Structures are given as C-alpha cells and as structure tokens.
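Visitor: model this:
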Amino acid sequence: MAWKTLDDMKMDGKRVLIRVDINVPMDAGRVTDTTRIDRIVPTVRDVLSAGGKPILMAHYGRPKGKSVPEMSLSHVVPALSDILGQPVTFIDGNFGDRVDALATGEIALLENLRFNPGEEANDPAFAARLATLGDAYVNDAFSAAHRAHASTEGLAKLLPACAGRLMQAELSALEGALSTPKRPVCAVVGGAKVSTKLDLLGNLVGKVDHLVIGGGMANTFLAAQGIDVGKSLCEHDLADTAREILAKADAADCKIHLPTDIVVAREFKAGAAHEILPAEQCPADAMILDAGPDTVAALEGVFAQSNTLIWNGPLGAFEIQPFNFATNAAARKAADLTRSGDLISVAGGGDTVAALNGADASADFTYISTAGGAFLEWMEGKTLPGVAALES
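Guide: Model (predicted):
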C-alpha cells in the first residue's frame, strides 16, 4: 500500500492537523482508561520534534451534530495534558482565531468534531473549513478509518496527508498478517453469533490455512453438521450458511477447527456446576459455554505449526469462570510462541482485547489493535475510506 508516514512530511513551523481517537471511557467527568491517549503520544511527540504545531481533532460519543456539554472533549484535557507532559490548549467556538495564535511547541485540541453535523455527513464545506486550520494532515485514528467523515476522509484530500505512528503500526501489522503473511496462517474467530461475522468468515477462508471457530459461533457450525447443541446459543436458521462456509473452506484448502469436546452447564453463572463431554454428547437441557481441554490441546498444536496468527473473539464465555479456560489457555500458548519468536500474533476487537488482558497474554502478542469496527472491516477485505484517502 502506498501511503506516506511522518518521515515523508516536512513539518517545521507548520500547523499539523492530527486526527486522533481519544473516545475514552469516562466516569463523573474523569477518564477511567487512558489506553487510547497513550497510543497517540509517539505521533504528537514526533510532530513537536519536527518543529510542527500539533492540532488534535477527535470525536466523543454520538452527539448527533449538536453541542452536548457532557460530550465535550474539554473533559479529556487534564488526562491528555498529564500523559503528554505539557499543557494542552483547548479550543472551542471559533477555531480559526485561536489556532492562528498557537506558538511553536504548543499543543491544541479542538472541540468534539461531531458537534457539527458536517463531520459525520462528510460535508465538503466543513472539511474545507477544517483545512484552513492546518498546513498538513495526519491521520492517527485507524479505529475511525472505516468511516467516511470530514475529518477522516474529506480533509485528507485537501492537504498534504500521511499516516501517524499508530496508524502506521496498525496498517503494517494488518498487512503483514493478512495481505503478505508468513505462512502457515491461522485465524481464530470467536464470539456469540455467526450473523455478525459472515463477511469476515467468507473472506478468511480464502486467505488463511487454518480457521478456528469458537464461542457461540461454533455451536451454529456444530448444529449445521447434525450435532445436538441442547439449549446453547445457536443460530439454527444459519445452518445452510454455515455449511456453505465449510464447503468454501474445503475448496480453498483451509482447514476449519471446531470444538471436539465441550464444557456444558445448566446455568449461566460463575462457578456453575459443569462437565466436560465430547462435542456430540451435549445434553438436551444443557448449554455449551466453553471448549474442552482436548480442543485446546489441538489448537495449541495448530498454533505451534503456524507462523502467523490473527485473533478476533473469545472461544467461550470468557467473562465468567470456569468458562474462560479455553480462551485463557489458547491465548497463553499464543503469547508463549510469540515471546519465543516462533509466531507473529495480531489481535483486535473489543471482546478480544478484554479476553487477552484477562488471560495476561496481551503484552506478549506482536500487535493488539485498539480498533473495533475498522479492524473487522479490514479483515473482511473491505476498503476503509480513511486509509484509502491516504494512498498516493
């Protein structure tokens, strides 16, 4: 992919508009998780080091084109200033006058872009207004790159544009894992419903060597093969679709891995009485809530034979014990192989990050994407407007 980075841009004395994602969790007006702020630090510091004036642009929540005080980015300024190690000038109202007054070495943050209806509408007039504020444009918000908004797509066409350090890292990791991977490639796709990941599964079977299907999704595939899954979460109406995916995988020489043993319970609660059974022996009054130890052992073998791993979604009801066993054990094996240099591992998606953190495995993965929808759409093979706009 032909996209420029900060290394290709001249920024000395220039106003640099940087699209970031600092849509962070808040409680009583205070930031409770700074992960997304932490990840933009390299870009901001590099722009400052190059003599540029960083002007941060972002959204928060869904104000639907109206000013909503509770969604003002002013609430993020204290955490942002603390992490960047210097005061951040907050600019609301008339952007232009305040931006012109910025001094070299100063950092500014514009008010929530979604307060203006032109942002989500990708209004050319709003994009043009933003363009007057800067001399160069940097997109460091891969997590918003699947949206064709004024600050992610329209603006990139009006100024010299490049990817920030986080965007660069995301694109490099994903390209290396899916576009030009070191084979064999294994993909883990879990979660509750097949219906939410049909495009993903359809794209992956043509690109990976092994596809592991877990979570509630696996129940649909088991049922499609005539296996009784009792009272488990299952989309029985997608049985034909599941069989089509299995056939497509077979034709593409992609081996699909489903649970061979299961953990079942009659109640969905922590510490519920449970038992481990062969996959085809789920009692009629029970629910499948996790994959069993034989399945995990087989997956560990697949990981050991692979050179690249892509992970999206848990293998079971990881939020509660003891149904987090398969996710935790498989994640730790992937982390061990990555740490020893035997595996390139890339993961992404909200539940995925939480699951890997819960397994104490995330620190050893090669790359973990903070993006949700953008990560999925990339894996689905879709064009992301915010990325395409950077291509030269």
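
Visitor: Any idea what Val189 is bridged to?
Guide: Applying DSSP bridges to Val189 gives these bridge partners: Ile213, Asn312.

Visitor: My read is that it contacts Asn203, right?
Guide: No: at 10.7 Å, Val189 and Asn203 do not qualify as touching, with contact defined as C-beta atoms under 8 Å. Backbone N, C-alpha and C define where each C-beta goes, glycine included.

Visitor: When those two are compared, which one has more neighbours?
Guide: Neighbours were counted for Val189 and for Asn203 using other C-beta atoms under 10 Å; Val189 has more, 25 against 18.

Visitor: who are the neighbours in contact with the more buried one?
Guide: Lys197, Leu200, Leu201, Leu204, Leu211, Val212, Ile213, Gly214, Met217, Asn312, Gly313 (C-beta atoms under 8 Å, 6 or more residues apart in numbering).

Visitor: Out of these, the closest to Arg45 would be?
Guide: Using C-beta to C-beta, Asn312 is the member of these that sits closest to Arg45, with 30.6 Å.

Visitor: after the lowest-mean-pLDDT helix or strand in the chain, next one along is what?
Guide: Ranking every helix and strand in the chain by mean pLDDT, DSSP states H and E puts helix 95-100 at the bottom, with a mean of 76. For helix 95-100, the following helix or strand on the C-terminal side (DSSP states H and E) is strand 107-110.

Visitor: same for the least confident helix or strand of the chain, what does it pack against?
Guide: Applying 3 or more C-beta pairs under 8 Å, 6 or more residues apart in numbering; DSSP states H and E, one finds that helix 95-100 contacts strand 88-91, strand 107-110.

Visitor: Can you show me the CA trace of the last one as CSV?
Guide: Included here for strand 107-110 are C-alpha records, laid out as CSV according to Å, rounded to 0.1, in the frame of the first residue of the first chain:
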residue,chain,number,x,y,z
ILE,A,107,-0.4,21.5,21.6
ALA,A,108,-4.1,22.3,20.8
LEU,A,109,-7.2,20.1,21.0
LEU,A,110,-10.3,21.1,19.0
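
Visitor: And the buried ones among the contacts of Val189, selectable in ChimeraX?
Guide: This is how ChimeraX selects the buried members of those, with burial counted by 16 or more other C-beta atoms under 10 Å:
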select :197,200,201,204,211,212,213,214,217,312,313
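
Visitor: What is the nearest of the contacts of Val189 to Asp336?
Guide: Distance to Asp336 across the contacts of Val189 (C-beta to C-beta) is lowest for Val212, with 17.0 Å.

Visitor: Was I right to think that closest one contacts Leu299?
Guide: Yes: judged on C-beta under 8 Å, Val212 makes contact with Leu299 at a distance of 6.0 Å.

Visitor: quick one: common contacting residues for the two?
Guide: Common contacts of Val212 and Leu299 (C-beta under 8 Å, 6+ apart): Val188, His257.

Visitor: and the closest residue in space to Asp342 that isn't next to it in sequence, which of the three is it?
Guide: Spatially, and ignoring its direct neighbours in sequence, Asp342 is nearest to Ala304 (7.4 Å; C-beta to C-beta, 6 or more residues apart in numbering). Look at Ala304: counting by DSSP: H, G, I helix; E, B strand; the rest coil, its state is helix.

Visitor: Contact partners for Ala304?
Guide: With C-beta under 8 Å, 6+ apart, Ala304 has these contacts: Lys333, Leu337, Asp342.

Visitor: Please apply the same query to Thr241.
Guide: Thr241 makes contact with Val194, Leu198 under the criterion C-beta under 8 Å, 6+ apart.

Visitor: State the helix or strand in which it lies.
Guide: Counting by DSSP H and E, Thr241 is found in helix 239-251.

Visitor: likewise Asp21?
Guide: Secondary structure from DSSP H and E places Asp21 outside every helix and strand.

Visitor: What is the burial count for it?
Guide: Asp21 has 24 neighbouring residues, counting by other C-beta under 10 Å.

Visitor: Need the winner for burial among the helices and strands packed on helix 95-100.
Guide: strand 107-110 (a mean of 22; mean count of other C-beta atoms under 10 Å).

Visitor: who does that strand pair up with?
Guide: Sheet pairing of strand 107-110 (DSSP bridges) gives strand 53-57 (parallel), strand 88-91 (parallel).

Visitor: can those go into TSV with extra columns for mean pLDDT?
Guide: Output for those, formatted as TSV (pLDDT from 0 to 100):
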stretch	mean pLDDT
strand 53-57	97
strand 88-91	95
